[in-house]
Structure formats: C-alpha cells, structure tokens
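# Here's my sequence, what's the structure:
(one chain, ligands or ions: 1)
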Amino acid sequence: MVGFLFLWTTMRQTTLKGVEDILPADIHRWQFLEQQADEVFSRCGYQQIRIPIIEPAQLFVRSIGEQTDIVEKEMYSFTDRGERQICLRPEATASVVRAYLQHQFDGQGGCAQFYYYGPMFRGERPQAGRQRQFHQVGVEAIGSYSPLLDADVVMTALRYIECLGLRRYRLQLNSVGCPEDKTNYAQQLRDFLSGQRSGLCESCVSRLERNVLRVLDCKNSACRQIIASAPHIEHAHCAQCREHFAAVQEMLRSQKAEFEINPYLVRGLDYYTRTVFEIPHGQLGAQNAICAGGRYDNLVAELGGSPAGAVGFAFGMERLLIALESESTAISEKTRPLVYVAGLGVVAMRAVFSIVQEIRAQGVAAVFSYEERSLKSHLKRADKLKANHAVIIGEEELASGTILVRDMRRSIQQSIPSSLLRSALEI
Ligand code: HAM
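Model (predicted):
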C-alpha cells in the first residue's frame with residue numbers, strides 16, 4: 001500500500017481528459033485570434049468584457065434551459081463550502097447578460113455591445129474539435145429588436161473570419177420565430193415525429209416528450225432520414241417574424257454576403273428567438289461549426305431586466321485554429337530582437353547580471369544563464385533562442401573594461417569598450 005502511494009505521488013501528473021495545455025510554441029496562434037478580435041470587434045463598435053469563470057449554476061439553468069444537453073449532462077457544477085451551487089461557465093452569453101444588468105448598462109440608452117474571449121467548460125465526450133475545456137471568442141449586442149442588428153452581428157462574424165484569412169466556410173441561417181411560433185412548431189414536429197417513433201433512436205424518443213426541437217440536432221443516420229421530411233419551421237412563423245427574417249436576409253444580400261437557409265437549424269440552447277446562424281467549415285470533421293449564434297430577445301427579461309432585444313455569436317477558438325491549419329493559413333510569429341549575455345566564470349556572471357538589467361531597462365529583451373557554461377554551450381544556447389546578438393564577458397574583458405559583441409546572424413564578433421555596448425546593440 002505504502003509502495004503504491006509512493007508510486008502515485010511520484011508519478012508525473014497529466015491534464016484531465018479533454019483539457020489541454022497551450023504551450024509557448026503555439027501562443028502566437030492564440031494571440032493572433034485575440035488580436036484580430038480586438039481589432040475587428042472594436043472596429044464594429046464592441047468593447048471588451050471579462051466575466052468570471054465561475055457563476056451561480058442557476059444562471060445557466062435559467063438561460064440555456066433545463067432540458068438541454070448542456071444543463072442536463074455537461075455542466076461542471078459543484079456545491080462550494082458555503083453550500084452554494086456553483087458551475088464553471090459552459091458559455092458566455094448568460095454571464096454577459098448578467099453583467100449587463102448587474103452594472104446597469106440597461107439604463108444607458110442605445111445598444112450595449114461587448115466582446116470576450118476565454119475558456120468555457122462542458123463535460124462532453126472529447127473528440128477532434130470537441131474538448132471539455134475549450135475557448136470561445138464572441139460578441140453580444142444588447143438593446144435592439146431591429147433586423148439591422150441581426151444583419152450587423154452576422155457581418156461582424158464574417159468580417160472576423162475574413163480577417164483571419166479563412167475561405168472554406170459557409171453561412172447557414174434560419175429563424176426559430178418568437179416563443180409562440182416555437183411552441184406551434186414544436187407541436188407540428190411532435191405530431192409528425194410521433195408517427196415515426198419506431199424509427200427514432202432512444203434519445204430522440206425521450207426528446208419527443210421533453211424537448212422535441214432537439215431531435216433536429218440528432219446525428220443518428222436513421223433519425224436524419226426521418227428529419228429530412230419533417231415540416232419546416234418557417235411554416236409556423238407569424239407575420240412579424242417572417243417580416244423580420246426577410247429584412248435580415250435582404251440586408252445581408254445588400255452586402256453580397258453569401259448564405260444558405262438551413263430549415264432544420266434550431267440550435268441547442270433554449271434562449272434563441274428569431275434569427276439563428278451557424279458557420280460550418282469544410283475541412284473539419286463531425287464537429288464542423290466554427291461559429292454559432294443568434295437572437296435572444298427574452299433572455300434579459302428572463303434574468304430580471306426590462307425586456308431588451310439582443311443578438312450575439314461565439315466562435316470556438318480551437319476549431320478556428322484547426323480550420324486555419326487545414327487551409328495552410330500562415331500565422332507569422334512576431335519576434336523581437338534578443339540579446340544573449342554570456343558570462344565566463346563566477347565573477348563575470350555577476351557583471352552579466354547587471355548588464356542584462358541595464359539592457360532590459362532600455363526596452364530590449366535580454367537573457368543570460370543562471371548556471372556556469374562553456375563558451376561553446378553559451379553560443380549554442382544563444383543560437384537556440386534565436387538571439388540577434390551575444391555579448392560575451394570573461395575575466396580578460398572584465399580586466400580591460402571591454403566586451404565581445406557577436407552578431408549571431410553573420411557569425412562575426414568584435415571587441416569594444418563596454419561603454420559602447422548600447423550603440424553596438426543599436427539601443
Ligand atoms: P454554442 O453553439 O454552444 O453556442 O458554441 C459556439 C461555438 O463554440 C461552437 O460553434 C463551437 O465552435 C464552439 N464549441 C462549443 N462547444 C465546444 C467544445 N466542447 N469544444 C470545442 N469547441 C466548442 C454558444 O455557446 C452561444 N453562447 C453562442 C452565442 C453567443 N449565441 C448568442 N451569443
């Protein structure tokens with residue numbers, strides 16, 4: 001037993017299943033997604049918001065819906081020491097609406113527009129493009145019922161994709177109508193599917209009673225065949241919802257935005273009303289949606305505010321990176337000049353410590369070795385770190401007040417008085 005415990009405690013620990021480290025070699029890709037989001041979304045009128053990772057579990061139960069996969073099966077919920085029901089956020093829309101109300105953005109007139117990026121958590125079965133900790137970048141615009149907002153939000157998503165350099169994507173659009181339309185459609189769908197019950201998978205039979213719209217998301221091939229002849233939601237739209245959807249399409253066409261109507265797109269979260277959209281990418285497998293969003297006109301009131309129309313979307317950042325790679329889109333790594341300072345011997349290493357601080361104070365990146373090394377090993381390290389210059393100081397240099405400056409690219413070096421270091425490094 002003791003032996004087993006010892007083995008366990010000394011075993012190297014790894015991340016949980018479906019959770020990944022983002023290593024230094026990949027950071028520039030993530031920064032690229034974030035920098036483009038900063039640029040594009042602020043150009044489109046959005047301001048960044050940072051919301052907490054933990055929230056009261058009830059926030060998501062009320063907004064996403066009790067009978068959705070996320071709430072029923074995927075939320076990381078726990079009871080904290082104060083007996084509060086907490087959960088790791090599975091998405092950001094509910095949190096942004098909570099923040100909008102908590103900080104009285106609703107009293108400020110006009111549309112409040114936020115963007116965000118960060119980790120989300122869902123206990124799904126991990127597979128390519130689906131993790132338990134994943135990242136989203138998204139926007140939420142709260143305060144208008146106008147179809148102009150739907151169209152502008154969709155255009156913002158397209159602008160972001162264009163700026164990232166992606167090409168092989170499609171935009172799918174639908175309208176789920178108002179809550180009354182949704183209820184009518186749910187009844188029509190239930191009537192249709194009840195006649196086909198024996199051909200449906202077990203989960204869909206249970207969805208039939210509990211949340212029939214979810215049947216439309218089922219990936220089972222037998223269910224898909226049945227769904228292909230199911231009634232379309234547009235036939236359940238009231239006149240206002242029909243008009244709203246037509247206006248959204250017209251505005252998108254005016255911008256030559258290409259889209260297709262997917263009559264079975266209803267989205268897996270209950271808060272949507274009217275416009276919904278998804279952006280699948282051609283090179284991804286089963287999990288091919290790089291972006292999804294839509295209008296959610298009842299969520300603000302549901303969370304205690306005065307009714308306010310709202311639209312938003314979120315991109316999955318891991319999926320964006322897979323899509324970028326599949327299209328061989330180069331993401332260049334920004335490099336900054338680096339000076340490697342090498343000290344030969346204990347006394348020189350102390351001098352190196354001071355020189356490094358001085359170079360950094362001038363705004364230039366400088367590194368050194370904390371352990372003694374040979375000159376060869378120093379230069380190998382400088383090479384590995386892609387340093388532009390290596391500054392070398394040994395006992396001889398200390399005695400004569402000089403330093404050796406080596407241009408790493410051209411492999412030439414010169415001895416200069418230490419007072420000229422700044423000009424030699426061009427700082
Ligand atoms: P969602 O469809 O649940 O919508 O997620 C949006 C995007 O996040 C998906 O299209 C996908 O790219 C990514 N995603 C979701 N789950 C995972 C996962 N387990 N692993 C990797 N990527 C994933 C929402 O979250 C809504 N809050 C979007 C929204 C914002 N609607 C209005 N405003």
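# for the residue most central in space within the chain, helix, strand, or coil?
Nearest residue to the geometric centre of the chain (CA atoms, centre = their mean): Gln136, 2.3 Å. Under DSSP: H, G, I helix; E, B strand; the rest coil, Gln136 falls in the strand class.
# Hmm, it is touching Arg319, no?
No - using CB atoms under 8 Å as the test, Gln136 is too far from Arg319 to be in contact (9.9 Å). Just so you know, the C-beta spots here come from the backbone N, C-alpha and C atoms, and that holds for glycine as well.
# what touches both of those two?
Common contacts of Gln136 and Arg319 (CB atoms under 8 Å, 6 or more residues apart in numbering): none found.
# Tell me the helix or strand right after the lowest-mean-pLDDT helix or strand in the chain.
Within the chain, no helix or strand scores below helix 2-10, which has a mean of 62 by mean pLDDT, DSSP states H and E. Sequence order places helix 27-43 as the next helix or strand after helix 2-10, per DSSP states H and E.
# Now do that next one: distance to the chain's middle.
Remark: helix 27-43 is offset 10 Å from the chain centroid, using CA atoms, centre = their mean, to the nearest Å.
# What residues sit buried inside it?
Arg29, Trp30, Phe32, Leu33, Glu34, Gln36, Ala37, Val40, Phe41 (16 or more other CB atoms under 10 Å).
# and Asn262, what is it in contact with?
Gln172, Leu173, Asn174, Glu278.
# For those residues, pick the one with the most neighbours.
Asn174 (24 neighbours; other CB atoms under 10 Å).
# Disregarding flanking residues, what is the spatial nearest neighbour of it?
With CB to CB, 6 or more residues apart in numbering as the criterion, Asn174 has its nearest non-adjacent residue at 4.0 Å, and that residue is Leu265.
# Around the one you found, count how many other residues there are.
21.
# From the ligand, how far out is it?
11 Å (CB to the nearest ligand atom, to the nearest Å).
# OK, contacts around that residue?
Gln172, Leu173, Asn174, Leu216, Val276, Phe277, Glu278.
# so what's the nearest residue to the fourth one once chain neighbours are set aside up against?
This means Leu216. Nearest residue to Leu216 in three dimensions, chain neighbours excluded: Tyr264, at 4.7 Å (CB to CB, 6+ apart). Tyr264 sits next to Asn174, Leu216, Ile227, Ala230, His232 when contact means CB under 8 Å, 6+ apart.
# The fourth one is in what secondary structure piece?
Ala230 is part of no helix or strand, with elements assigned from DSSP H and E.
# do the same with the first one
In this structure, Asn174 is located in strand 172-175 according to DSSP H and E.
# if you go through the stretch 151-300 of the chain in chain order, where are the strands?
Along the stretch 151-300 of the chain, the segments classed as strands by DSSP state E, counting those that start in this stretch run 172-175, 260-261, 275-280, 289-295.
# Tell me which of those sits nearest to Ser306.
Closest to Ser306 of those is strand 289-295 (CB to CB; 17.2 Å).
# can you put the strands of the stretch 151-300 of the chain in CSV and add mean pLDDT and distance to Val212?
Below are the strands of the stretch 151-300 of the chain laid out as CSV (pLDDT from 0 to 100; distance: least, CB to CB, whole Å):
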stretch, mean pLDDT, distance to Val212
strand 172-175, 97, 16
strand 260-261, 97, 21
strand 275-280, 98, 16
strand 289-295, 98, 19
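# interface residues of the stretch 201-350 of the chain facing the ligand?
289-294, 312-316, 318-319 (CB under 6 Å from any ligand atom).
# Just the buried ones from those, in PyMOL syntax?
In PyMOL, a selection of the buried entries from those looks like this (16+ other CB under 10 Å):
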select buried, resi 289+290+291+292+293+294+312+313+314+315+316+318+319
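# can you redo the residues of the stretch 201-350 of the chain next to the ligand as TSV with distance to Leu252?
Putting those into TSV (distance: CB to CB, whole Å) gives the following:
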residue	distance to Leu252
Ala289	19
Ile290	18
Cys291	15
Ala292	17
Gly293	14
Gly294	14
Gly312	17
Phe313	14
Ala314	19
Phe315	18
Gly316	22
Glu318	27
Arg319	23
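# Now the two most distant members of the residues of the stretch 201-350 of the chain next to the ligand.
Among those, Gly294 and Glu318 lie farthest apart (CB to CB), at 21.4 Å.
# need the contacts of Leu265 in a markdown table with distance to Thr329, can you?
Compiled in a markdown table, those are given as follows (distance: CB to CB, whole Å):
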| residue | distance to Thr329 |
| --- | --- |
| Gln172 | 22 |
| Leu173 | 25 |
| Asn174 | 29 |
| Leu216 | 32 |
| Val276 | 28 |
| Phe277 | 23 |
| Glu278 | 21 |
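# between these, which is closest to the ligand?
Glu278 (6.6 Å; CB to the nearest ligand atom).
# quick one, what contacts the closest one?
Counting by CB under 8 Å, 6+ apart, Glu278 makes contact with Gln172, Asn262, Leu265, Arg267, Ala289, Cys291, Ala292.
# And Arg373, by the same measure?
Contacts of Arg373 by CB under 8 Å, 6+ apart are Ala342, Arg381.
# Can you classify it by secondary structure?
coil.
# Show me the helices in the stretch 151-300 of the chain, by range?
179-194, 202-210, 221-227, 239-254, 299-302 (DSSP state H, counting those that start in this stretch).
# between those helices, which gets the lowest average pLDDT?
Of all the helices of the stretch 151-300 of the chain, the minimum mean pLDDT falls on helix 202-210 (a mean of 88).
# what helices or strands is that one leaning on?
helix 179-194 (3 or more CB pairs under 8 Å, 6 or more residues apart in numbering; DSSP states H and E).
# Flag every buried residue along the helix it packs on.
Asp181, Lys182, Asn184, Tyr185, Ala186, Gln188, Leu189, Phe192, Leu193.
# what distance separates it from the centre of its chain?
The answer for helix 179-194 is 34 Å, by CA atoms, centre = their mean.
# just the angle between that helix and helix 239-254, please?
Interaxial angle, helix 179-194 versus helix 239-254 (axes from the mean of the first three to the mean of the last three CA atoms, to 10 degrees): 90 degrees.
# And helix 179-194, what does it pack against?
helix 202-210.
# Between helix 179-194 and the helix it packs on, find me the angle.
Using the same axes, to 10 degrees: helix 202-210 against helix 179-194 is 130 degrees.
# C-alpha coordinates for helix 202-210, PDB please?
Written as PDB, here are the backbone C-alpha positions of helix 202-210 (Å, rounded to 0.1, in the frame of the first residue of the first chain):
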ATOM      1  CA  GLU A 202     -33.700   6.100 -27.900                       C
ATOM      2  CA  SER A 203     -32.600   9.600 -27.100                       C
ATOM      3  CA  CYS A 204     -34.900  11.100 -29.700                       C
ATOM      4  CA  VAL A 205     -37.900   9.200 -28.400                       C
ATOM      5  CA  SER A 206     -37.200  10.800 -25.000                       C
ATOM      6  CA  ARG A 207     -36.700  14.200 -26.700                       C
ATOM      7  CA  LEU A 208     -40.000  13.800 -28.300                       C
ATOM      8  CA  GLU A 209     -41.800  14.400 -25.000                       C
ATOM      9  CA  ARG A 210     -39.200  16.700 -23.300                       C
END
